[in-house]
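**Student:** build me a model:
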Amino acid sequence: MGWTATRQKTAKPRLYDPETGDYLNDKTMKVIEDARQGKGIAFQGTVDEFKEWANAL
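**Tutor:** Just a heads-up that it's a prediction; the model follows:
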């Protein structure tokens, strides 16, 4: 038939919150994307190290 199908990417990634029935807003998605890229993270380490760090505050 000569047809080709291409998938179009959505403009922005979105996450659905089933508790509220809404999608996360742009500000929240920005924080998630930054965290995935390692930007703006206050602590990196194991869970035990985090507990020690949090208890020291």
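
**Student:** could you list the low-confidence segments of the chain?
**Tutor:** 10 (pLDDT under 70).

**Student:** tell me the spacing between the nearest residue to residue 16 once chain neighbours are set aside and residue 15.
**Tutor:** Spatially, and ignoring its direct neighbours in sequence, residue 16 is nearest to residue 23 (5.6 Å; Cβ to Cβ, 6 or more residues apart in numbering). All C-beta atoms are positioned from the backbone trio N, CA, C, and that covers glycine. To residue 15, residue 23 is 7 Å away according to Cβ to Cβ, to the nearest Å.

**Student:** more neighbours: which of these two?
**Tutor:** residue 23 (13 against 9; other Cβ atoms under 10 Å).

**Student:** could you pull up phi and psi at the more buried one?
**Tutor:** phi -90, psi 150 (degrees, to the nearest 10).

**Student:** correct me, but it touches residue 12?
**Tutor:** No: in this structure residue 23 lies outside contact range of residue 12 using Cβ atoms under 8 Å: 9.9 Å.

**Student:** joint contacts of these two?
**Tutor:** Common contact partners of residue 23 and residue 12 (Cβ atoms under 8 Å, 6 or more residues apart in numbering): none.

**Student:** contacting residues for the spatially most central residue of the chain?
**Tutor:** Centroid-nearest residue in the chain, with Cα atoms, centre = their mean: residue 32, separated by 2.8 Å. Counting by Cβ under 8 Å, 6+ apart, residue 32 makes contact with 15, 24.

**Student:** surely it forms part of a strand?
**Tutor:** No: per DSSP: H, G, I helix; E, B strand; the rest coil, residue 32 lies outside any strand segment and is helix.

**Student:** gap between it and residue 4?
**Tutor:** Remark: distance between residue 32 and residue 4 (Cβ to Cβ) = 34 Å.

**Student:** and if you look at residue 16?
**Tutor:** Distance, residue 16 to residue 4, by Cβ to Cβ: 30 Å.

**Student:** so which helix or strand takes in residue 53?
**Tutor:** Assigned by DSSP states H and E, residue 53 belongs to helix 47-56.

**Student:** go ahead and name everything in contact with that helix.
**Tutor:** 43, 45.

**Student:** dump it to PDB, keeping only the CA atoms.
**Tutor:** Extracted in PDB, the C-alpha atoms of helix 47-56 (Å, rounded to 0.1, in the frame of the first residue of the first chain):
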ATOM      1  CA  VAL A  47      20.300   5.000  52.700                       C
ATOM      2  CA  ASP A  48      22.300   4.400  55.900                       C
ATOM      3  CA  GLU A  49      24.500   7.400  55.200                       C
ATOM      4  CA  PHE A  50      21.400   9.500  54.600                       C
ATOM      5  CA  LYS A  51      19.900   8.400  57.900                       C
ATOM      6  CA  GLU A  52      23.200   9.500  59.700                       C
ATOM      7  CA  TRP A  53      23.200  12.800  57.800                       C
ATOM      8  CA  ALA A  54      19.500  13.500  58.600                       C
ATOM      9  CA  ASN A  55      20.000  12.600  62.300                       C
ATOM     10  CA  ALA A  56      23.000  15.000  62.500                       C
END
